Every structure is written in C-alpha cells, then in structure tokens.
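1. got a predicted structure here, sequence first:
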Amino acid sequence: MIQATAAVVGAGHAGLAMSRRLTERSIDHVVLERGEVANSWRTQRWPSLRLLTPNWQTRLPGQHYAGDDPDGFMPVAEVLATLTGYARLISAPVRAGTTVHAVRAAPQGFEILANGDVLRARAVVLATGACNLPAIPGIADAVPPSITTLTPLTYRDPGRLPAGGVLVVGASATGVQLAGEIHRSGRPVTLAVGEHVRLPRTYRGRDIFWWMQATGVLAERYDQIDDLTRARHLPSPQLIGTAERTTTDLNTLAAEGVRIVGRLGRVIDGVAQFSGSLANTCALADLKMNRFLNRADEWATTSGLDDELPPPHRFAPTRIDPRAPLQLDLTSGEITTVLWATGFRPDHSWLGVPVRDRTGHIRHDGGVVAGAHGLYLLGMPVLRTRASTYIHGAGMDSEALAGHLHTFLGSQRRSHPAASWAAADRHR
Amino acid sequence: MTVTDRPVDNGVNVQALLDARGALSGAPEAAQFTWRASCTWRNGTHSHSTVDGFTGLGAEQHHRATYEFDVDHPECFASEDNGATPVEFVLVALAGCLTAGVASVAQFRGIQLRSVTATIEGDMNVLGILGADPEVRNGFDSILIRFAIDADASRDDLEAVIAQSQKRSAVFDVVTNPTKVLVELA
C-alpha cells in the first residue's frame, strides 16, 4: 500500500500544472502517468499538428514562452519538449508507466489501483484530458468494409492513406486542417460540414486569441455563461496554427478544390447522405463570427486603439456551391477513405466513484466534482472559464482547484465536514 | 434609439418554454413525444386525415379539437382536387414550423414583430414520381422560403432570427436530414 495526500492522474499540461500548485502548497502528491510525460501528445497526435493558441499565450504556472517566435504556433514536437522540460523544472513527482485501472471511494479518501498496486490518497485530481477517445457517430457502422476508416488518433500523414478520394467528416479545427492537408496530397477531399465555429486566424493585424483575451471572452466564467452545456460541447473553432498565420475556412478550402457538403446524416446501402441544411449551418457560423468581430471592434474603439490598429473589415460570407451533392455512393470506388473528425471525448471508464449524470458526464462545479469530496477535474473545455479549453487556461484553473483542495484537506483534519466544506467553497 | 415601456409581446410564453426545457432535462422520459395522424382513403387520390391525440409528458394528450385535412391532387393530374397535395402539406408544415420559430426566437431576443409573411416554393420534376426518368428523384430538388418581416430590429438581427429558427426547427430537420421510415402492413 502506497500513501500520498493527493494523487494526480495524468501528466499532461493540466496534471503538471496541478503538481506545481500542490508543491507550492507543500502538499505531498504523486502524478500517475500511463506512459511518459505528455503521453497523448507523444503517441496520439499527428506530426503536422500545431497548437491553436499562439506561443505567447502558451504558458504554465511559473513558465512563460521564452523562444524567438511569440506569434507562432507550437508544433507537437515542441509541445512535447516544453512539457517534458516543465516536468523537470518543477520536479514533478511523476510515476511514468503507471496505468490507473480504478479509482474508488475509501475511508478518508480514495483507493487507486495502478499497475497492480494499491495507492491511498485523500484527494484525487482527474487530469487525463478531454481528448482520449474519438467521438464517432453510430452511423459509422454502416460504412462499407471496403473503405479505410481513420480517426485523428490513428491518422499520421496523408502518404499513409490509400490513393483515391477521402471523405472527411467534421469541419472543426481538426477536420479543416486534415481536409486541406490530405487534399494537397492529391487525394480529392469531400468535407462533410455540420455545426461549426468560424473564426479568422488574424483580424486587424492581431491573432484571434489576442482579441478573445482582450475582449474578455476567454475570461468568461463557467457560472456566468448562459448555456454552459452548450458552451462545453461547442466544436473547436476552425483555426489552424501555421507558420504563415493563414486563415483556413470553407471558402479557402473550396478554392483549393475541396468539395463541401452538408452534415453526414446516415449511410444506407453504402450511400452516404448529407444534410440539406448546409446553407443555414454556414449562415449561423458567419453570423456568430461577425457578432464576435463587432464586439472586438467596439472594444477597440472603447479602448482607444482604433488609430493603432488597421481599420475594421468583414470577411466574405461562406459560399455554398448549389451543386453540392446530397449523397455519395461509398461503393463506387470514388471514396477510399473516411476520416472521422467528429470530435473527441474523455475516457474516465476507470473512475469507480458514482459522480456521473445520466449522459455519462462527470457532474462538477468548476472542476470540484459533485458528490465526492476531495475529487477534482481539470483540463476540460470551459471547466472554469472559456480559457480552460486551452493550455494556459488549465494552468489558471489549477490555482483555484489547488486552493480548494488545500482548504478541503485542512477542513478534513478538523473533522467537521459540513462546516469545513463551506470554508472550502469560498475558493470557488 | 427608441425607448418604450411596452414589453415585447409576440404572444409567445418564453418563460414557459424555458421552464419546460429545465424540467424536461431532468425528466428525459417525459420529453419523449410520439406524434400521430390517421388517414382514410376516400376515392381516387382523395384521402381524409385526422389529427387528435399524441403522447408526451409521460401521458396521453389531446388537441382542443380534432383537426381534419383533405388530401388530393389537382385536376391536371386527372384528380378531383378535394384538397391540397401531400407535398403542399410538407410546405405548409415547414413554413408553419419556421414561422413559429421566428416568433419564439424574436420573443426571446426582445424583438417586437408587427408582421411575418413567409412564401415557400418547392421545385419538383414530376418525371420522378411518374417513373419516366430514373435519374430524377421523386421529392423536391430544392425548397425556397422567403420571409418578409416587419419588426423593430436590424436586418442582421432578423437574419439571425431566421437562422436560429431553422436551427431549432423539427420540420426543417425532417426535411433536410435522412429519417428512418418503416411502412408495414397491419
């Protein structure tokens, strides 16, 4: 039996940030990692991926970007190096190669089964990330077996795909990047587009994340957001990190020859059927983008920055090809590969504490898990603010949650659970 | 900017809808509805349909009255034209659904409507239903709906209202997305 005051599951950016916060508070802890530091980045991301956030924004508690390209976007290899260096810098007590099989409630805390060992901890932080498994719709079962199917977790580069056409399902950050990359490899891409968030890479000379930070969008708190469920399930914006800081949207992809079709509704008798709602889906995304740009312009005026920044402008509305097909025969040989860029979901299957709602999501209040004192969730979209989705946001969230955890431990010692929980609540 | 004391009233009880959303999110069984209609053949292409009960909120429900509809085809199809065609009912359903959505979304966004008129057209090549050309589908090639809206709102705001109305429309979803349909002999 191993004892620790706190156990952090996952040594990615969120788990490491939490480790640093716990060390600052002299809370003894272990960080359990199934692989090595930054395992998902190491083993489950395609090599051409770069962060969506600019380098200047990519910071962790006690570490800021110090390279020579603050406006650039970190490639996966650099993210790996950064996180590995950070783990060393903060002397994170990482137990690499330690797979957690179960976390259960136990007297005065939790029991963790990892690699056949039992570990006892009074507090547990779930920091395994939001993107462990591909979220693939049920209709995938009807795709003919002759088609090669891939997910972003198994995709590496277009050269490994069979020759022929590729149907990319989903047009969020992943879908638009891979659609472009695959199309440029000489495999004609059809991109099935459902609800999406359109944003330009740069606006009035600044990165869109600069605008989101400046206008206060990223700082919007979870308990001040009207429809939190929706905010937490919003697809990632159509953004790509590239050295050229270029905007990729449906118009640029269509200009390159990518065929844009509606949301994939079903596959029946080998025929993929697409929604006829594409025009409205795109109209909604254009409207929302313009609403944000209006907010950005108002903020710039109020802040007296109109003389400093290039003048406001608007981007061309998304053009819909009226000939966009409503169906595609997947047995004709035209399409050889289907890539499901339909999002990700977390894998908490090993969590044996009854804290899920009826849809299987962990119930929590800004990362403080409901119904299990001492259990915390970190590194999830819009966990505490809209920034939580990104690396620097998880770093900020770790401060609040470590504070809550610290108070919780203190209150536990005084053994007045009800009164002390109110004290812990003050950290929210 | 006009300041008015009169609250926006499009006749939509937004609070009741929001309350229902909250209540049904916590009681998923009650949110499961089944809509029904029954149809009796009269003669030729003429049929008579009624709509009365439906299931929802965990119980059997009834309209205030039984609604009746005659369905037929026009005389140029060698029919007696005792009612609108089935495809026109689809247009009516779509326009009615989107218009309800416009009123609700406008109410929610504090936009007072003075008038809303939708014209809806569905283009169809009847060689499909006549079985004369296998390349032509039976259904609509495309549907165009044009909303004329008189309201205290900018054009951008009204564009956003009709976009949101489509996003939350059941019939728009039915028409634009594949639906599993089973037809069997009783």
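-> Nice, thanks for sending it over. Residues are numbered from 1 along each chain as shown, chains lettered A, B, ... in the order given.
2. what residues does stretch A:339-350 touch?
-> A:100-103, A:126, A:128-137, A:140, A:149-152, A:155, A:166-172, A:174-175, A:178-179, A:182, A:235, A:362, A:380 (C-beta atoms under 8 Å, 6 or more residues apart in numbering or on different chains). (Each C-beta comes from the backbone N, C-alpha and C, glycine too.)
3. find the closest residue to chain A in chain B.
-> residue B:176 (3.8 Å; C-beta to the nearest C-beta).
4. tell me the contacts of the closest residue to that residue other than its chain neighbours?
-> Spatially, and ignoring its direct neighbours in sequence, residue B:176 is nearest to residue A:276 (3.8 Å; C-beta to C-beta, 6 or more residues apart in numbering or on different chains). Residues near residue A:276 by C-beta under 8 Å, 6+ apart: A:262, A:326, B:175, B:176, B:177.
5. which residue is the nearest non-sequential neighbour of the third one?
-> Distances taken as C-beta to C-beta, 6+ apart put residue B:94 closest to residue B:175, at 5.9 Å, once the chain neighbours are dropped.
6. assign a three-state SS to the one you found, would you?
-> helix (DSSP: H, G, I helix; E, B strand; the rest coil).
7. what about the residue in the stretch 201-350 of chain A that chain B sits nearest to, is that helix, strand or coil?
-> Nearest to chain B, among the residues of the stretch 201-350 of chain A, is residue A:276, at 3.8 Å (C-beta to the nearest C-beta). Here residue A:276 is recorded as coil under three-state DSSP.
8. what does stretch B:64-84 rub up against?
-> B:39, B:42-52, B:85-86, B:89, B:92.
9. spatially, which two of those are the most separated?
-> Farthest-apart pair in the contacts of stretch B:64-84 is B:44 and B:52; separation 25.2 Å (C-beta to C-beta).
10. who in the stretch 201-350 of chain A is up against chain B?
-> Contacts of the stretch 201-350 of chain A with chain B, taken as C-beta under 8 Å from any C-beta of the partner chain, map to A:262-263, A:265-266, A:268, A:273, A:275-277, A:280, A:283-284, A:287, A:290-291.
11. mind checking which of these are in helices?
-> A:280, A:283, A:284, A:287, A:290, A:291 (DSSP state H).
12. ok now do residue 14, which residues does it touch?
-> By default, I'm working from chain A. By C-beta under 8 Å, 6+ apart, the neighbours of residue A:14 are A:127, A:129, A:378, A:379, A:394, A:397, A:398.
13. actually, chain B is the one I wanted.
-> Contacts for residue B:14 (C-beta under 8 Å, 6+ apart) come out as B:104, B:107, B:108.
14. could you rerun that using 6 Å?
-> For residue B:14, the contact set (C-beta atoms under 6 Å, 6 or more residues apart in numbering or on different chains) comprises B:107, B:108.
15. what residues does chain B have near chain A?
-> B:160, B:163, B:166, B:176, B:177, B:178 (C-beta under 6 Å from any C-beta of the partner chain).
16. below-threshold pLDDT in the stretch 301-428 of chain A: ranges please.
-> A:413-428 (pLDDT under 70).
17. cool, chain A as well?
-> A:413-428.
18. and the strands in chain B?
-> Per DSSP state E, chain B carries strands over the ranges B:38-43, B:46-56, B:59-71, B:113-123, B:142-151.
19. which residues are contacting the second one?
-> Residues from elsewhere that reach strand B:46-56, judged by C-beta under 6 Å, 6+ apart: B:33-42, B:61-63, B:66-72, B:82.
20. so which helix or strand takes in the residue lying closest to residue A:32 once chain neighbours are set aside?
-> Leaving out its chain neighbours, the residue that sits closest to residue A:32 by C-beta to C-beta, 6+ apart is residue A:98, at 4.7 Å. Assigned by DSSP states H and E, residue A:98 belongs to neither a helix nor a strand.
21. any idea how many residues pack against residue A:98?
-> Counted with other C-beta atoms under 10 Å in any protein chain shown, the burial measure for residue A:98 works out to 19 neighbours.
22. ok, residue B:132 next?
-> Per other C-beta under 10 Å, the neighbour tally for residue B:132 reads 10.
23. where does it land on pLDDT?
-> pLDDT, residue B:132: 88.
24. tell me the contacts of the one residue in the stretch 1-150 of chain A that gets nearest to chain B?
-> Going by C-beta to the nearest C-beta, chain B is nearest to residue A:139 of the stretch 1-150 of chain A, at 9.4 Å. By C-beta under 6 Å, 6+ apart, residue A:139 lies in contact with A:266, A:267.
25. rerun that using 7 Å as the cut-off
-> A:264, A:266, A:267 (C-beta atoms under 7 Å, 6 or more residues apart in numbering or on different chains).
26. in CSV: those, plus neighbour count.
-> Shown next, in CSV, are those (neighbours: other C-beta atoms under 10 Å in any protein chain shown):
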residue, neighbour count
A:264, 27
A:266, 18
A:267, 22
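27. follow-up on the earlier one: can you say which of the residues of the stretch 201-350 of chain A next to chain B are buried?
-> A:262-263, A:265-266, A:273, A:275-277, A:280, A:283-284, A:287, A:290 (16 or more other C-beta atoms under 10 Å in any protein chain shown).
28. please, which helix or strand holds residue A:399?
-> helix A:391-414.
29. by contact count, what packs against that helix?
-> If you count contacts as 3 or more C-beta pairs under 7 Å, 6 or more residues apart in numbering or on different chains; DSSP states H and E, helix A:391-414 packs onto helix A:13-24, strand A:117-126, helix A:417-425.
30. how about that helix: buried residues?
-> By neighbour count on 16+ other C-beta under 10 Å, the buried set for helix A:391-414 is A:391-409, A:411-412.
31. neighbours of residue A:124, how many?
-> For residue A:124, the neighbour count with other C-beta under 10 Å is 30.
32. which residues touch it?
-> Neighbouring residues of residue A:124 by C-beta under 7 Å, 6+ apart: A:7, A:9, A:103, A:110, A:112, A:374, A:375.
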